[in-house]
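>>> what follows is a protein structure lacking sequence information:
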């Protein structure tokens, strides 16, 4: 069985240790290190090159968002999943823009953490139910209605199919099989969708789609 390597970056020692226990309880996951500040997290990520980083957003020395940017700029093969207590726009929006693969809250269950790491490792989107609910609630409060926002996307039927399955956690291979198209075609649709949404990564694409009522889960 192939192992997915995981680096944990969290300044709270008890939380970091709990996450290590969660990760190591799964036969296919292994914790390769723990960092307690953003700068050390970047150094360890670049040295160890883990498959997945579980990244707190509020960290000393260097924020989790900036640490994520630096890690992904140096090694795009590593996936970063944010795990935090912060649900404000000041934390959410920069995190989505940074290129994270997902967003979990610190009260997530061990199984939710394990599933999130596995999903991130296969390049799938990870958004906890609490995060999705928060995004949808904000989308409904004021401004244009979701249907009005959705109409501005001008999506083809195939793009809607791709976006819906992406939001449900499908990776490129699964999208290819489900829609009976090549992975190259999936990537082309993804590029088109991100251009239409004005975003640069998949998580932000799904977030915008949920906010604008383009997809419903």
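Nice, I can see it. Here the structure is a predicted model, which means the values were calculated and not measured.

>>> break this protein into its domains for me.
4-135, 142-211 (automatic domain parsing).

>>> most tightly packed of the ones you listed?
For these, average neighbour numbers computed from mean count of other CB atoms under 10 Å are highest in domain 4-135, which has a mean of 19. Any C-beta I mention is one placed from the backbone N, CA and C, and that applies to glycine too.

>>> tell me the confidence at the most centrally placed residue in the chain?
When CA atoms, centre = their mean is applied to the chain, the residue found nearest the centroid is residue 102 (1.7 Å). Looking at residue 102, its pLDDT reads 87.

>>> who does it form a beta bridge with?
residue 81, residue 126 (DSSP bridges).

>>> shouldn't it be in contact with residue 82?
Yes - counting by CB atoms under 8 Å, residue 82 is a contact partner of residue 102 at 7.0 Å.

>>> can you show me the strands along the protein?
4-9, 29-35, 52-55, 79-84, 102-105, 126-127 (DSSP state E).

>>> gap between stretch 13-33 and the chain center?
Here the centre of stretch 13-33 is set off from its chain's centre by 19 Å, with CA atoms, centre = their mean, to the nearest Å.

>>> change the start of the numbering to 11 and stick with it
That works, and once the first residue is 11, the last one we named lands at stretch 23-43.

>>> where does pLDDT dip in this structure?
The model of the chain has pLDDT under 70 over residues 11, 97-99, 145-161, 226-227.

>>> could you redo the last one with a cut-off of 80?
Residues of the chain meeting the criterion pLDDT under 80: 11, 96-103, 138-162, 221-223, 225-227.

>>> show me the contacts for the nearest residue to residue 106 once chain neighbours are set aside.
Nearest-residue entry for residue 106: residue 214, 4.4 Å, with adjacent residues in sequence omitted and distances by CB to CB, 6 or more residues apart in numbering. Residues near residue 214 by CB atoms under 8 Å, 6 or more residues apart in numbering: 106-107, 207.

>>> with residue 196 instead?
172, 182, 185-186, 189.

>>> between these, which sits nearest residue 13?
Of all those, residue 182 has the smallest distance to residue 13: 21.8 Å, by CB to CB.

>>> out of the contacts of residue 196, flag the one nearest to residue 49.
Looking across the contacts of residue 196 and measuring by CB to CB, the closest to residue 49 is residue 182, at 32.9 Å.

>>> I figured the closest one hits residue 135, correct?
No - using CB under 8 Å, residue 182 makes no contact with residue 135, being 11.7 Å away.

>>> show me where the chain has helices.
Assigned by DSSP state H, the chain shows helices spanning 23-34, 48-58, 74-84, 99-108, 120-131, 139-150, 156-160, 167-177, 182-189, 193-207, 212-221.

>>> can I get those in CSV with distance to residue 64?
CSV is the format used below for those (distance: least, CB to CB, whole Å):
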stretch, distance to residue 64
helix 23-34, 6
helix 48-58, 10
helix 74-84, 10
helix 99-108, 13
helix 120-131, 7
helix 139-150, 15
helix 156-160, 32
helix 167-177, 22
helix 182-189, 23
helix 193-207, 25
helix 212-221, 15
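
>>> of these, which is nearest residue 17?
helix 48-58 (5.7 Å).

>>> next one: the residue lying closest to residue 162 once chain neighbours are set aside from residue 215, what distance?
Once flanking residues are discounted, residue 162 sits nearest to residue 222: 7.8 Å by CB to CB, 6+ apart. Noted for residue 222: a distance of 11 Å to residue 215, by CB to CB, to the nearest Å.
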